[in-house]
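J.: Need coordinates for the below:
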Amino acid sequence: MSPKGAKAAGEFSLIELFLSHFPRARVPVGPGDDCAVLAPSRGAQCITTDAVVEDVHFKRAWYSPEDIGHKALAVNLSDLASMGAVPRWFVCALALPRDFPSRALTGIAKGMSALAREHAITLVGGNFTSARELSITLTAAGELLPGTAPITRAGGRPGDVLYISGTLGDARLGLQQLLAGARRSSAILRQKRPVPRVALGLIAARFASAGLDVSDGLAQDLGHLCTASRVSAELELERLPLSRAVRASLGSEGALAGGEDYELLLAVPPERTQAFERACLRGKEPITRIGRLTRGGPGHIRDAAGRSLRLPAGFDHFRGGGRIDRSGREG
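T.: Here you go, the predicted model:
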C-alpha cells in the first residue's frame, strides 16, 4: 500500500492502522512502495481479482466489520481453491466513505488478517481511496504444486462424475433470514463468513478434470462448466446435499438458484473417483456425488430419468441492478 499522491491528512494513518494487523510481508519489497516485488516462484501462478461492495454483497447494518473483511478475502481464496492453487499473496484496494470510523477499519483488518493467517497468504500491497460506499477489491495469487495442472472449466468429458462440496443454499437462506429481520443462525453465518475450500482444491488438483467454485448458484455454474467443456450433464436432484433448514425453506430448486455458496463443483473421471473419495475422506473434506457429464449439446441438463430440466437462473450482477433486494437474493 503506497501513500503516493495522498491529499487527505488521514490517509497515512489509515494505511498504518490497517497494515498493523497483518504480519510483515516476507518479500523483497512489500507495502509502502509503488509496487510490491515478489521473488520468482517455481510453480505456475494463478491470479484472481474480486470485490465486495456495500449494498451489493453486504449491508453494514447486518455485517460486522470483521465479517466484511473475512468475506472480501474468502471469495478470492475460493477462486484459488477452485483452480487447485496454494494461496501465496494478495493486494487490497479499499474505497472508504470519508467519515468511515477507524474502529470499523480495524475490524475489517482483523477479519481479513485472521483468515489470511489461517491460509498462510500474505498482504503485499494495495491502495486507499475515498468513495460514497464501502468497497474492497482484492487481487490474489496462488501457486500450483509441482506435477499438477490448473483445474479449469473446460476439461470435463462425458462420463466424468460430478461432485459438490459441503451443502447448497445456506447462503441464500441466510440472506432471506436477514431480510426478514433475523440476525443469527447457521445460514446467516454461511452468508457472512463463507468457507473457502482451499484444502479440497489441493486434493482435487490430483484427480479432477474440470471444476469451478459455486458463487452464482449451482444451476448457473454447472451450465458454465458444461458450456466450457462442450458437454451436457445429468443431475440427480435427490442427491443434492441440503441442510435440514434449506430443504424445508427452499427445497432443491431454491438451493440450485442460491448464490454465494462458495462450494466447489468438480468433475472427476470415473477411473479416479474411488481414489478421490478416499483422499477426501482422509482429509475430512465433505463431498457428494450429484451426477455426471454426458454427451450432447453444451449446457443441456437432464435428470437421472433423462428428462430435460428447466433450471432456475443464478445470480447476475447486471440483472435487476445488482443490489440486495426483498426477493431474498442479491440481484
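J.: If you count neighbours, what's buried in the helix or strand where residue 219 lies?
T.: Per DSSP states H and E, residue 219 falls inside helix 218-229. For helix 218-229, the neighbour count (16 or more other Cβ atoms under 10 Å) marks 218-226, 228-229 as buried. C-beta here means a position set from N, CA and C on the backbone, and glycine is covered the same way.
J.: Among those, which one sits closest to residue 122?
T.: Of all the buried residues of helix 218-229, residue 122 sits closest to residue 221, with 29.1 Å by Cβ to Cβ.
J.: so what's that closest one up against?
T.: By Cβ atoms under 8 Å, 6 or more residues apart in numbering, the contact set of residue 221 is 212-215, 265, 314.
J.: any idea how far the longest helix anywhere in the chain is from the chain center?
T.: In the chain, with assignment by DSSP state H, the single longest helix is helix 65-83. For helix 65-83, the distance from its own C-alpha centre to the chain's C-alpha centre is 6 Å (Cα atoms, centre = their mean, to the nearest Å).
J.: Kindly report the same for stretch 280-287.
T.: Using Cα atoms, centre = their mean, the offset of stretch 280-287 from its chain centre is 19 Å.
J.: tell me the phi and psi of residue 172?
T.: With angles defined as degrees, to the nearest 10, residue 172 sits at phi -70, psi -40.
J.: How about it: what's its closest non-neighbour residue?
T.: residue 258 (3.0 Å; Cβ to Cβ, 6 or more residues apart in numbering).
J.: State the phi and psi torsions of that neighbour.
T.: phi -70, psi 130.
J.: ok, back up a step: identify, from the contacts of residue 221, the entry nearest to residue 295.
T.: residue 265 (19.4 Å).
J.: I'd guessed the closest one sits against residue 208; true?
T.: No. Using Cβ atoms under 8 Å, residue 265 is not in contact with residue 208; the gap is 9.7 Å.
J.: More neighbours: those two, which one.
T.: residue 208 (28 against 24; other Cβ atoms under 10 Å).
J.: Could you find the closest non-adjacent residue to that one?
T.: Nearest one to residue 208, counting by Cβ to Cβ, 6+ apart, is residue 266 at 4.5 Å.
J.: Where does the one you found fall, secondary structure wise?
T.: Assigned by DSSP H and E, residue 266 falls in strand 263-268.
J.: what's that strand packed up against?
T.: strand 161-165, helix 198-204, strand 210-214, helix 218-229 (3 or more Cβ pairs under 8 Å, 6 or more residues apart in numbering; DSSP states H and E).
J.: wait, what's in contact with the nearest residue in space to residue 66 that is not next to it in sequence?
T.: Distances taken as Cβ to Cβ, 6+ apart put residue 111 closest to residue 66, at 3.4 Å, once the chain neighbours are dropped. Each residue near residue 111 by Cβ under 8 Å, 6+ apart is listed here: 64-70.
J.: how far away is residue 163 from residue 194?
T.: Going from residue 163 to residue 194 by Cβ to Cβ, to the nearest Å gives 19 Å.
J.: try residue 183
T.: Remark: distance between residue 183 and residue 194 (Cβ to Cβ) = 18 Å.
J.: of the two, who's got more company?
T.: Set residue 183 next to residue 194 and count neighbours by other Cβ under 10 Å: residue 194 wins out with 23 against 9.
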